[in-house]
Each structure stands twice: as structure tokens, then as C-alpha cells.
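Asks: Prediction below, plus the sequence it came from.
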Amino acid sequence: MTFVVLRQLHSIIGEALDDIERVYAEASSSPDTSGPHSTSTLPPSPSSPSCHSSRSMFGNSYASPPPSPSTASPPTINNVASIDFPSLDSPYDPASPSETLTAHPEVFSAINRIVAACGQMSATVQPPFLTLCDAVMGYHLPSCMRLFEASHTPEILKKAGPNGLHVKAIAEENGVDATKLAHILRLLCTHHFVREVTPNVFANNRLSSMIDSGKSIEELRESPEIKYENSNGIAAFVGLCTDELHKASAFLTEAYLLSPKAHLNGKEPTRAPFNYAFGCEGVDFFGWLEGEGIQGKHVNGRARSESIKLPGMFSRPSHGTSDHQRSNAMGTSDVPAGTQYTGGQAENPNQFRLERFGIAMAGTDSWEVPGAALNAFDWELLPRGSLIVDVGGGIGSTMMLLAHAFSRPGDEDAMNFKFIIQDRQVVVDMGEKAWRAKCPEYLDLEIAEFKVHDFFTPQPIKDPAVFFLRVVLHDWPTDYARLILLRLRDAASPRTKLLIADFIIPLACTDDFGSRSTEDGDGIEGIMGAENLLAPAPLLPNLGKASANVYWMDLTMQVTFNGQERTLREIVALARSAGWKVTRVVKAHGSHFGHITAIPTDIPLQNRVSSSLPSDGRKVSSQTSGTLNIPREILTRSMSRCCTPTFGSGRVLPSLEDATVKNRFGFVYTKVSGKRNPNVETLKPAPNVATARKPRPSPLSIPNSPPSAPLRINTSSLSQTQSVIRRRPSHAHMAQLYSQSHQGSISLAPGISSRHPPPSPLSPRLPVSPLSRRSSLANLSLGAASQNPPSLIPIRQLNETSNPTAPPPPSPTVSRHKLTHRQSFAQLTPARKRSESIVNHSPKPELSSLARTFHHLGDAVQRETRTYATRVLDFTDTLRKDEATQLEEDSRKAGCSLLAAAVQIEKGSVARRGDSY
Ligand SMILES: C[S@@+](CC[C@H](N)C(=O)[O-])C[C@H]1O[C@@H](n2cnc3c(N)ncnc32)[C@H](O)[C@@H]1O
């Protein structure tokens with residue numbers, strides 16, 4: 001059997017490579033791709049825009065990157081040099097088509113399968129002891145990475161160029177002993193992070209070049225403290241992870257098992273592994289970054305020097321050690337080579353780390369697909385003028401997006417939502433300042449308001465339409481998170497919805513929800529969008545190594561402040577314990593970052609004491625407070641108290657176009673009226689098949705990067721769009737470009753378009769939906785048989801009418817992938833009934849019979865079908881009879897009999913109910 005599995009893994013890899021090559025070949029055959037960037041193995045022309053872009057971010061591009069050993073001469077198609085996959089041996093160039101194509105949805109999905117399959121194959125075939133060694137001696141990797149970054153070696157190697165630099169010369173630049181450095185670099189080479197060009201001569205490659213701060217070694221020698229300024233945050237992120245987070249992680253066992261108070265240590269933000277690693281008790285991570293608790297603190301009631309003398313640990317410096325020596329030994333004042341702080345260090349020895357943390361977090365708002373919050377919830381079904389409260393809302397990044405979409409001043413059609421953003425005083429001040437600078441009218445007209453509020457105290461805003469909590473709960477141990485939710489529950493009316501935005505950790509096995517009786521279940525049955533499988537066997541159901549980042553983040557939250565990312569089961573249980581019932585989960589395709597909707601339900605008896613908690617959060621005894629035994633002092637200390645952004649906090653307000661343009665996942669929003677633009681595609685509920693995309697790894701992505709050079713692939717028809725897109729070219733954007741280059745535009749069906757809102761002046765009618773995504777309803781109802789129909793209507797796989805001009809049927813793998821791109825009709829529906837309950841999505845009786853007819857397609861497709869058909873039913877409910885008949889007819893012509901059937905059912909059901917259209 002093992003050989004069978006290995007062969008299966010092997011073919012997964014082979015098929016995924018085929019998919020990638022096909023996408024690259026298609027892109028290469030586009031005439032507009034034959035520019036200087038058409039192969040990643042060719043050097044970027046010094047005059048090419050992308051070269052400038054690359055230089056600004058990563059310093060000087062190499063004049064002549066070395067060819068990858070396997071790609072000495074680039075392949076050609078019709079005598080045009082084809083775009084090759086990025087070479088591991090060349091520096092990372094984010095603006096090159098080669099690199100941009102890696103974000104193409106199909107490529108991204110294929111990469112995930114390759115990574116998952118390779119990880120599993122290597123774990124299977126490698127002698128187990130060696131795999132164990134990889135894990136248990138892997139501590140050397142972050143240690144070496146830290147030295148590499150802190151000694152400015154990436155910048156030194158950048159200057160050296162593709163031929164590299166002898167280790168003695170590197171050592172002369174950074175002061176590390178040459179022999180030691182050679183060994184360290186060789187370990188990194190062996191893990192593909194650097195390249196040993198000739199004996200003892202090292203050069204940057206695609207991975208190491210990412211750590212380049214963009215400064216020259218001369219600049220760094222002169223002013224090391226500027227290293228992370230105006231950088232993309234990756235070097236800072238490497239520094240943070242390999243320094244304090246790496247050390248904190250090493251103390252997991254001390255905190256959770258070996259400590260005399262281990263039972264408490266997982267429950268308090270000030271008793272995390274981090275506190276052990278740095279010998280400080282009662283100080284949270286952020287307080288420590290601000291300089292608290294570095295000297296003279298105790299852990300678990302013992303003096304620091306003795307408290308951490310636990311089995312297997314080194315002893316700590318004695319109290320006789322000087323402060324400077326001690327702080328060095330504890331790792332509190334070690335800074336990159338050459339760094340000498342004068343200002344600030346006397347007050348805060350951790351000043352460097354504090355600033356580094358802030359810059360490292362620059363990327364974490366990219367956890368969420370830009371604009372995802374707009375599609376994560378049926379905002380347009382809320383009553384006009386609804387109040388939305390963003391609790392722990394930071395500087396109000398998400399609310400700004402919603403405000404632009406729904407409450408634009410002067411727009412008669414707008415939903416006129418009001419927004420209250422609550423946070424701590426210091427953050428509220430920052431938020432107000434940011435909004436005043438960007439769009440003061442929203443504050444002046446009281447569309448948005450900042451309020452100081454401590455979310456552990458009673459919530460002063462009663463009965464809003466929505467409480468929103470974005471990346472707040474993951475900061476807190478469960479008891480604290482429950483208290484936050486209880487405070488909201490106490491202020492909620494039955495109409496109030498709770499929207500939680502956080503990572504959702506997949507299980508490492510197939511989730512069996514839905515296969516057990518409700519009594520046995522843990523409450524996740526029936527949640528719309530819940531998924532139980534990301535990948536089919538023999539891959540791990542959670543896509544294994546390809547999903548590693550969400551688990552890294554989970555443990556990072558744990559070791560720093562006993563926070564955690566949560567599984568859906570954990571989120572549901574947590575919510576339920578505070579009187580909230582989860583009804584829906586929405587994730588962007590392939591992302592683990594989810595939006596979870598919950599509605600009020602009964603508060604379990606044992607937790608009802610929340611309402612009698614003292615408003616000042618005074619400690620209440622465990623007899624009366626149940627699990628809410630949270631001392632005020634800890635609450636106070638646990639809040640991040642400075643302007644330090646925490647993991648996932650939005651640090652910059654979104655741009656107007658975030659609410660408008662097609663983002664990298666193919667999402668477009670018509671913001672002026674707050675209605676979705678039916679001519680474009682929107683995000684879909686969570687996919688449940690194998691090809692889910694990996695989330696953008698937050699801090700590793702390039703959020704605040706300098707503007708990338710415009711794509712060089714058939715961009716003419718996108719000029720309007722491009723004028724507003726300043727992000728790195730997106731997956732969807734790329735897909736759209738390819739689609740554009742191969743297909744004509746598809747206009748709206750007359751019967752449908754008349755119901756659509758006029759296009760927003762700020763949202764120029766964007767080109768049509770990309771080839772690789774499911775077509776919109778409008779596209780399907782064109783009388784579309786005569787046009788170039790959308791090629792990826794999954795119904796084709798059900799042997800329904802296919803268009804002769806359509807491409808050949810995709811491979812099973814590709815088909816599954818494409819299924820996941822289907823969009824819900826609700827998202828495309830222009831005119832929904834605003835009076836409907838936003839959680840009124842329970843399938844109608846007809847739906848289950850419809851779904852039954854597809855049961856042979858397996859669970860995943862069935863659930864997709866169900867969601868889809870429910871949305872169709874919702875949509876058709878809003879049509880007049882003649883429109884519904886037209887839709888049915890058009891759907892049939894377009895070969896979409898599922899849609900036609902759904903319309904028919906809806907017509908029947910309406911007739912039976914005696915309703916008239
Ligand atoms: C990870 S950030 C998330 C910010 C924002 N929701 C976003 O998505 O950008 C967590 C936020 O919780 C805030 N916070 C921490 N303790 C708080 C408290 N006790 N009451 C209110 N806000 C608090 C922090 O100031 C910070 O803005």
C-alpha cells in the first residue's frame with residue numbers, strides 16, 4: 001500500500017507541475033509577455049520598470065543572475081522565450097511576470113499540492129530518525145537565520161552580486177568569525193536559503209534576497225538603527241521570529257508542564273512561555289517590549305535566577321551580574337551588529353525590539369484578503385441606518401472600507417450605516433487622527449465615531465445591528481475571550497449579529513461533523529460554509545505542510561501571550577459558552593482567515609454571572625464567577641498599552657480603491673451604492689475541496705511595498721483598473737488578464753441588467769470575469785449559448801451541454817479546483833429584500849431533493865451545490881415571473897440545467913405557496 005500512496009503522491013506532484021507549466025505557457029504565448037521580463041532566468045533590463053521597482057525594494061538587482069542549473073537555456077514557444085518558473089538561484093523579483101504568475105489561482109493551488117505532497121513523501125521515505133533529527137535539531141535554522149539577518153549578510157551579498165563573495169570578505173564586512181560564518185551559511189545553503197557558488201563563496205538566492213532590507217551595507221554601517229525603516233518588514237519579521245519568538249517557543253514545556261503552576265500558565269496572558277524565556281512575571285509581551293519587567297522580576301514567586309532552574313535548563317546569570325551583562329544574557333539588549341543606541345536605551349533597553357515588532361507587523365493586515373469583510377456578511381440585508389460597532393477596532397481599517405461601501409456622504413442609494421469604533425484611548429487617538437487626515441467628512445457627519453471602551457467592561461452600546469471583532473479573540477486565552485463575548489451578548493438584542501474575523505485552524509484529519517447525531521455533535525453541524533476537508537487522500541486533509549503557516553501563527557500567539565488561533569469547533573464552543581450561536585463561516589478561496597457570523601442564543605447558566613461582574617473588572621471569587629476569575633490587574637496589564645500594533649491589526653487605513661477594485665482574489669465591490677456590482681465576481685463561501693489556496697502568509701507578504709511595475713501582459717483593456725490598483729498584481733488580476741487576452745467581453749443580459757444599479761463613477765465598469773472563475777448569473781443568462789460562454793461552469797462535468805468552442809474538459813483535479821471558484825448568487829444579486837433576516841439561509845425543502853440528485857459527486861460537491869442552489873432560490877425569489885422564465889430559458893441555453901432546475905423549483909414553490917410574482 002505504501003508504494004501505492006507514494007505513486008499517488010508522485011502523480012499529484014506531476015499533475016500539479018503540468019498545471020503550472022500550462023499556465024506559464026499560456027501566459028508566454030500572449031504577445032504582450034515578450035518583454036524583457038519574459039523569462040525569470042533572464043536578467044531584468046536595467047531600464048525596465050520592474051527592475052526599478054525591484055531595486056527600490058530589494059536594493060540593486062543583479063546585472064546578470066545566474067541561470068538555474070536546470071534552466072541553462074530558456075524554453076521557447078513559437079520562438080518566443082517562454083516564462084519560466086522563478087529560479088531559486090536568482091534574487092526575488094516581485095514585479096516579474098515569472099514571480100507574479102506564482103500567485104495565479106491555478107498555480108497557487110498547484111503549488112500547495114506540490115508542497116503538501118512533497119512534505120508527505122519526504123516524511124514517508126526518509127529514515128525516521130533523520131526526520132526526527134530534522135525536527136529536533138531544527139532549532140539551528142532560526143538561530144542561523146537570526147545571525148544571517150542581524151549581521152546584514154543579505155545586504156553584503158546583494159552588493160557582491162551573482163558571483164558571490166568569499167566568506168573572509170563577508171566576515172570583514174560584518175565582523176563574524178569567517179570559519180563560524182562559513183558553517184552557518186552552509187547550513188542555510190543546505191536548506192536552500194543561500195547559495196554556495198564555489199568553495200566558501202556565497203551568494204544570495206530567491207529566499208535570502210527577501211531578507212534584504214533594501215539598505216546598502218554602507219548605510220547600515222553608518223546608521224544601523226534605520227535598518228527596517230521604509231522596508232517591507234520582512235527583515236524585521238525575520239528578526240522578531242528568530243529572536244524573542246524563537247526563544248519564547250523554547251520554553252513551552254517549562255510553562256505548560258514543568259512549572260509548579262503549570263495549570264495556570266496556559267490561562268494568563270502574563271504567564272506565557274515568553275515570560276519564562278525572559279524571566280519576567282506579571283508583564284505581558286507588549287509591556288516587556290516597552291521596557292517593563294526586564295530587571296528584578298520574578299517568575300512564579302521565585303527570583304528569576306532560580307525560578308527557571310528547571311530540569312534540563314541552563315542556569316541564569318546571578319544577581320551579581322551587572323545590568324548590562326544580565327540584559328545581554330537574557331537577550332534583552334542584543335541588537336544587530338554595529339547597532340549602538342544612544343537615545344532611548346537608558347529608558348527602554350527593548351526599544352529596538354519594540355520598533356522592530358511594529359515594522360514586522362506591517363504585513364499582517366494582509367492576512368485578510370483586501371475587502372473580504374465586504375463579502376463576508378450580507379451587509380445589504382441590514383436595515384438602512386444600521387449601527388455597526390467595531391470592538392477593539394484599532395484605527396478602524398475595516399470600518400473605513402465598509403463606510404466607503406455603504407455610507408458615502410451624498411449618495412441617496414447608500415445604506416447609511418453608522419459606525420462606532422471602540423478601542424483604548426491611545427489607539428482611538430491614532431484612529432481619529434488617521435480618519436481626519438483621510439476622510440474627515442465621515443467624522444464630521446457622524447457616520448463614524450471613535451469611542452474609548454475597554455472590552456472587558458460592560459458594553460455601553462446596546463442593540464446594534466452588528467458587533468464586529470477582528471483579530472481580537474486570538475490575542476486572548478479562552479476565559480478572557482469569553483468575557484469579551486459575554487459583554488457583547490449582554491448588550492445584544494435578538495436582532496444583533498456578531499461577526500468574528502480570525503484565522504480558523506483546520507483539523508489535521510477529516511472533520512466528521514454532520515455524520516453524527518446532533519446530540520453527539522459539538523454544534524458545528526449545519527453551519528453554512530463549514531468545511532471538513534481541504535484535500536483528498538492521500539494528502540493530509542488540511543493540506544499538510546502547505547497549511548503550515550496557520551499553525552505557526554497559532555503557536556506564536558500561544559507562546560507570546562497564551563492567545564491562540566482556534567478551530568471552528570473551538571470558536572463554536574467559545575461562542576456558545578457566551579450565548580452566541582455560530583451560523584455561518586465565510587473564507588476567501590484558499591484562505592484560512594474566516595469571517596464567522598453568530599446570533600444571540602441562551603447564555604449557559606454557569607456563565608451568566610457575567611452580567612453581575614463588577615464594572616471595574618475587580619477580581620471575583622471563583623465560586624461566584626465560574627470561569628471568569630480574571631483579576632483586574634491582569635486585564636490592565638494585558639492590554640497592549642502603547643501604539644504597538646499587535647498581530648493582525650490593521651496599521652494603515654485602506655485606500656478608497658480597496659472598496660472598489662478587483663483585488664487579488666477576484667473581488668470587486670461597487671461601493672457608492674453599497675450594492676454589489678453584478679457584472680463582476682465576488683468572494684464565495686469557504687471552499688471544501690482539495691485545491692484551496694493557502695492564505696497570504698501575513699508578514700511575509702509585501703504589503704507596503706513600493707508600487708510594482710505594471711504588468712506587461714495585455715494590459716490595454718485594463719487601463720482604467722490599473723490606474724487605481726497599486727497593489728502587487730493579484731492572482732485574480734492575472735487571471736483576468738489572461739482571460740482578457742483570450743476572450744471577448746461579455747455583456748449583461750438585458751433582462752437582468754435593467755435591475756442593476758448604475759455603475760459607480762468610482763468603479764469603472766471593470767472587464768469581465770476571468771476565465772478561471774465561475775461566471776456571474778448575468779453572464780449565464782445572456783442567451784449565452786451564442787456567445788463565448790464562461791468556460792468553467794462546473795455543470796459541464798455533469799455531462800451537460802458543453803459548448804464546442806470551449807476548451808477541452810479540464811482534468812479532474814482542475815475541475816475540482818474550478819468548482820471552488822463558484823460564486824454565490826446572493827453575492828451577485830443586485831436587489832435583495834432588505835427586510836430579510838440575514839441568517840435566513842436554511843435550505844428550502846426543494847433544495848435537499850435537488851442536492852440528492854448529485855449525491856454521487858460526493859460530499860464536497862453536494863455542499864457546494866446546496867449553497868449555490870440556496871442562493872439561486874434566494875435570487876429567483878426576487879424576480880418577476882417573466883424574468884424568472886427568461887432566466888430559466890437562458891440557463892438552459894447556457895447549458896446550466898442546475899440553475900434552470902433551481903429556477904423551476906422556485907417558480908413551483910412560489911406557485912404552491914400561492915404567492916404572486
Ligand atoms: C490585533 S488588534 C486588532 C485591531 C483591529 N480590530 C484590526 O483588525 O485592525 C487588537 C486590538 O485590541 C485592542 N485592545 C486590547 N485590549 C483592549 C481592551 N481591553 N479594550 C479594548 N480594546 C483593546 C488593541 O488596542 C488593538 O487595537
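Replies: Sure, I can see it. Numbering: from 1, shown residues only.

Asks: nearest spatial neighbour of residue 585, skipping sequence neighbours?
Replies: Excluding the flanking residues, the one nearest residue 585 by C-beta to C-beta, 6 or more residues apart in numbering is residue 529, at 4.0 Å. Where C-beta positions appear, they are placed from N, C-alpha and C, glycine not excepted.

Asks: Count the neighbours of the one you found for me.
Replies: Other residues within reach of residue 529, judged by other C-beta atoms under 10 Å, total 24.

Asks: cool, and residue 169?
Replies: With other C-beta under 10 Å as criterion, residue 169 counts 15.

Asks: you'd agree it is in a strand?
Replies: No. Read with DSSP: H, G, I helix; E, B strand; the rest coil, residue 169 is helix and lies in no strand.

Asks: Now the nearest residue to residue 152 once chain neighbours are set aside: which helix or strand?
Replies: Using C-beta to C-beta, 6+ apart and skipping residues adjacent in sequence, the residue nearest residue 152 is residue 220, 5.0 Å away. Using DSSP states H and E, residue 220 maps to helix 217-222.

Asks: Grab the CA positions of the helix or strand just after that helix and hand them over as CSV.
Replies: As assigned by DSSP H and E, the chain's next helix or strand after helix 217-222 is helix 234-240. Backbone C-alpha positions of helix 234-240 (Å, rounded to 0.1, in the frame of the first residue of the first chain) are rendered in CSV as follows:
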residue,chain,number,x,y,z
ILE,A,234,10.5,41.1,6.1
ALA,A,235,13.9,41.6,7.6
ALA,A,236,12.1,42.9,10.8
PHE,A,237,9.9,39.9,10.8
VAL,A,238,12.8,37.5,10.5
GLY,A,239,14.5,39.3,13.4
LEU,A,240,11.4,39.2,15.6
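
Asks: Show me what helix 234-240 is packed against.
Replies: Contacts defined by 3 or more C-beta pairs under 8 Å, 6 or more residues apart in numbering; DSSP states H and E place helix 234-240 against helix 140-150, helix 351-360.

Asks: can we see that at 10 Å?
Replies: Under the contact definition 3 or more C-beta pairs under 10 Å, 6 or more residues apart in numbering; DSSP states H and E, helix 234-240 sits against helix 140-150, helix 153-160, helix 351-360.

Asks: What average pLDDT does the shortest one get?
Replies: Along helix 153-160, the predicted confidence averages to a pLDDT of 98.

Asks: Can you show me the CA trace of that helix as CSV?
Replies: The C-alpha atoms that make up helix 153-160 are tabulated as CSV, following Å, rounded to 0.1, in the frame of the first residue of the first chain:
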residue,chain,number,x,y,z
THR,A,153,24.7,39.4,5.4
PRO,A,154,21.9,39.6,2.8
GLU,A,155,22.8,43.3,2.1
ILE,A,156,26.5,42.3,1.9
LEU,A,157,25.7,39.5,-0.6
LYS,A,158,23.5,41.9,-2.6
LYS,A,159,26.4,44.1,-3.1
ALA,A,160,28.5,41.2,-4.2
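
Asks: and the angle for that helix with helix 140-150?
Replies: On the basis of axes from the mean of the first three to the mean of the last three C-alpha atoms, to 10 degrees, helix 153-160 is oriented at 60 degrees to helix 140-150.

Asks: Check which residues of helix 153-160 are buried.
Replies: 153-158, 160 (16 or more other C-beta atoms under 10 Å).

Asks: and if you look at the longest one?
Replies: Along helix 140-150, these residues count as buried under the neighbour rule (16+ other C-beta under 10 Å): 141-150.

Asks: would you turn these into TSV with pLDDT and distance to the ligand?
Replies: Below are the buried residues of helix 140-150 laid out as TSV (pLDDT from 0 to 100; distance: C-beta to the nearest ligand atom, whole Å):
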residue	pLDDT	distance to the ligand
141	98	28
142	98	24
143	98	28
144	98	30
145	98	25
146	98	25
147	98	30
148	98	29
149	97	25
150	96	27
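
Asks: of all those, which two lie farthest apart?
Replies: Farthest pair in the buried residues of helix 140-150 (C-beta to C-beta) is 141 and 150. Separation: 14.7 Å.

Asks: can you pull out the helices in the stretch 401-550 of the chain?
Replies: 425-438, 440-444, 478-491, 548-561 (DSSP state H, counting those that start in this stretch).

Asks: Output the contacting helices and strands for the second one.
Replies: I take that to be helix 440-444. helix 397-406, helix 425-438, strand 448-452.

Asks: Strand partners (parallel or antiparallel) of the shortest one?
Replies: What it means is strand 448-452. strand 418-423 (parallel) (DSSP bridges).

Asks: Next, see if the strand it pairs with gets close to the ligand.
Replies: Yes. On the criterion C-beta under 6 Å from any ligand atom, strand 418-423 is in touch with the ligand at residue 423.

Asks: can you check stretch 285-295 too?
Replies: No. Contact of stretch 285-295 with the ligand (C-beta under 6 Å from any ligand atom) is absent, the minimum separation being 9.2 Å.

Asks: how about that stretch: buried residues?
Replies: In stretch 285-295, counting by 16+ other C-beta under 10 Å, buried: 285-294.

Asks: So which of those belong to helices?
Replies: Here DSSP state H is the test, and these give 285-289 as lying in helices.

Asks: Now for this structure: which helix has the highest residue count?
Replies: helix 2-29.

Asks: Would you mind splitting the chain into its domains for me?
Replies: The chain breaks down by automatic domain parsing into domains covering 2-117, 139-222, 237-364, 368-638, 656-913.

Asks: about what we covered before: save the helices and strands packed on helix 440-444 as JSON lines, and put in mean pLDDT too.
Replies: As requested, those are exported to JSON lines (pLDDT from 0 to 100):
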{"stretch": "helix 397-406", "mean pLDDT": "93"}
{"stretch": "helix 425-438", "mean pLDDT": "91"}
{"stretch": "strand 448-452", "mean pLDDT": "97"}
